[in-house]
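Novice: Provided below for reference: sequence and predicted model.
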2 protein chains.
Amino acid sequence: MKDGVRGRVGRAGPLNRARIIRAAMRVVERDGVEVLTMRRLADEIGTAPMSLYRHVADKREVLLELLDAVSRQITDRPLPASSDPGSRLVETVVEVHRVLEANRWVVQAVLAVEELPPSALRLSEHMFAAMRVAGLDERTAAAAHTAIWHYTWGHVFFGHLSATSARAYDREEPTGRARYEELAHVMPAMLEQKSQDVFREGLKAMVDGFLAR
Amino acid sequence: MKDGVRGRVGRAGPLNRARIIRAAMRVVERDGVEVLTMRRLADEIGTAPMSLYRHVADKREVLLELLDAVSRQITDRPLPASSDPGSRLVETVVEVHRVLEANRWVVQAVLAVEELPPSALRLSEHMFAAMRVAGLDERTAAAAHTAIWHYTWGHVFFGHLSATSARAYDREEPTGRARYEELAHVMPAMLEQKSQDVFREGLKAMVDGFLAR
DNA sequence: ACCTGAACACCGTTCAAGT
DNA sequence: ACCTGAACACCGTTCAAGT
């Protein structure tokens, strides 16, 4: 009995917040955010569910810490510093998108906590720096920041659903398809799209549009 | 006892799929999608939870029907047909956004079902029609369609979180704020933003960018 | 101080039984 | 044919009790 308890707790020392967050990240990356429950998290650490609550207020706090970790993962590395100011902005955001796309669970997490971690401010800081160099005035920069941010999250949110029109169209009967003339027309082009390229292309269009003000 | 049973079931006749979906919509609009459980839905109708399962396969199917209803709500009315092709596209999408924004719960629903209802194809059809009139070739139209769709969902997804940078910044201590030079600079412009205008502005920038190809 | 078992108020859904 | 109660395998979290 005593050995059993020592065996579980002993290996990594006393429970603490950092250990909980690391375990949570492991679970999320391995099994997805929908599998992350307080009970499952306790299992991962080898402790009782209620032991977690001494170190974190609730599940929401765990998720917010996970989002913080992803945010740092982006800003800890130097962001691209291209010569052309327009493409510097584009490449910065592409990098943000790349990390979010690799951690799509952030979408569910953000929706659950309805908040971004403080460290996300650094991302905005980078974007605004690039926009200032590009010569945007404050008002336009604010609008561009919001638009780019929404566009980026929309891409991650929609993810593989982006091909949804194409697949929904594919599922339609021939008689049903007849009602979608326009879709029939562009369908080949839709099917050729590559996710990563499409993100950059729409971003470029948007940045171009703002730069042309 | 018998009266009790008749009282619940009697009023609206036998249970059927349409009645379930209408009740679900009532619950979602009144209390939010997170309150919509099979048990709560049965309560709303005055039946037993398991009675629902004769008429719908599972909760997922209920959500998909709700999404379908919203999608029809957009396409059933004639969409704006402006003279200028660029602004016709913009106004069409603004209208889509307006309805989605009024039913923000669709975000959670889409995330849960990981699919759009077939009727959403009509939305794409409208967008492609506007883009063809605007003279976009198929390849560019496909890219624009995806980008606009992502942008729109991102706006709804992020919703009131869009002001999140501003609020996160506001929460920072003065010493913390010092680390965000760029943010300090644009903060006044950020706080002046109005959600509906910002959506149209970013959309315009993106459409302009694609038209300028 | 730190941990934990039992319990509460929930879920979606299966299964066997009712009419 | 249509409906339903009991039960199963889950949740997050409170509370009182353990060391």
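Specialist: Received the coordinates, thanks. What you see is a predicted model; the values in this text were computed from it and never measured.

Novice: Next, the residues that contact stretch A:92-105 from outside, please.
Specialist: Stretch A:92-105 is touched from outside by A:28-29, A:32-33, A:70, A:73-74, A:79-80, A:106, A:123, A:126-127, A:130, A:148, A:152-153, A:155-156, A:159, A:195-196, A:199-200, A:203, with contacts defined as CB atoms under 8 Å, 6 or more residues apart in numbering or on different chains. (Each C-beta comes from the backbone N, C-alpha and C, glycine too.)

Novice: how about that stretch: buried residues?
Specialist: Buried residues in stretch A:92-105, counted by 16 or more other CB atoms under 10 Å in any protein chain shown: A:92-97, A:99-101, A:103, A:105.

Novice: ok so, going back, mind giving me the PyMOL command for buried ones among the contacts of stretch A:92-105?
Specialist: Remark: buried members of the contacts of stretch A:92-105, expressed as a PyMOL selection using 16+ other CB under 10 Å:
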select buried, chain A and resi 28+33+70+74+79+80+106+123+126+127+130+148+152+153+155+156+159+199+203
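
Novice: which ones among the contacts of stretch A:92-105 are found in helices?
Specialist: Taking DSSP state H as the definition of helices, the contacts of stretch A:92-105 contribute A:28-29, A:70, A:73-74, A:106, A:123, A:126-127, A:130, A:148, A:152-153, A:155-156, A:195-196, A:199-200, A:203.

Novice: out of the residues you listed, who's near chain B?
Specialist: Among those, proximity to chain B is found for A:148, A:152-153, A:155, A:203 (CB under 8 Å from any CB of the partner chain).

Novice: one step back: switch the buried residues of stretch A:92-105 over to TSV; also include pLDDT.
Specialist: Formatted as TSV, these follow (pLDDT from 0 to 100):
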residue	pLDDT
A:T92	92
A:V93	95
A:V94	95
A:E95	94
A:V96	95
A:H97	96
A:V99	96
A:L100	96
A:E101	95
A:N103	97
A:W105	97
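
Novice: Mark which of these are part of strands, please.
Specialist: Within those, no residue falls in strands by DSSP state E.

Novice: And the residues you listed, which is closest to DNA strand C?
Specialist: Comparing these against DNA strand C with CB to the nearest atom of the strand places A:W105 closest, at 20.1 Å.

Novice: For B:L64, see how far away that closest one is.
Specialist: 22 Å (CB to CB, to the nearest Å).

Novice: which stretch of helix or strand covers A:A142?
Specialist: Assigned by DSSP states H and E, A:A142 falls within helix A:138-158.

Novice: centre of the chain versus that helix, how much separation?
Specialist: In terms of CA atoms, centre = their mean, to the nearest Å, the centre of helix A:138-158 is found 13 Å from the chain centre.

Novice: Please apply the same query to stretch A:40-59.
Specialist: Its chain's C-alpha centre and that of stretch A:40-59 lie 25 Å apart, by CA atoms, centre = their mean.

Novice: Tell me which two of the ones next to chain B among the ones in helices among the contacts of stretch A:92-105 sit farthest apart.
Specialist: Across these, no pair lies farther apart than A:W153 and A:L203, at 12.6 Å, counting by CB to CB.

Novice: Could you check the angle the helix or strand hosting A:L111 makes with helix B:105-113?
Specialist: Applying DSSP H and E as the criterion places A:L111 in helix A:106-113. Here helix A:106-113 runs at an angle of 130 degrees relative to helix B:105-113 (axes from the mean of the first three to the mean of the last three CA atoms, to 10 degrees).

Novice: wait, does helix A:106-113 contact DNA strand D?
Specialist: No. Applying CB under 7 Å from any atom of the strand, one finds helix A:106-113 separated from DNA strand D by no less than 10.0 Å.

Novice: what is the mean pLDDT for that helix?
Specialist: The average pLDDT for helix A:106-113 rounds to 96.

Novice: Show me what that helix packs onto, helices and strands only.
Specialist: Helices and strands touching helix A:106-113, by 3 or more CB pairs under 8 Å, 6 or more residues apart in numbering or on different chains; DSSP states H and E, are helix A:59-75, helix A:138-158, helix B:105-113.

Novice: helix or strand for A:S87, which one?
Specialist: helix A:85-102.

Novice: Run the chain-centre distance for that helix.
Specialist: Worked out by CA atoms, centre = their mean, helix A:85-102 lies 12 Å from the chain centre.

Novice: same question, stretch A:76-83
Specialist: Taking the mean of its C-alpha atoms, stretch A:76-83 sits 19 Å from the chain's own mean (CA atoms, centre = their mean).
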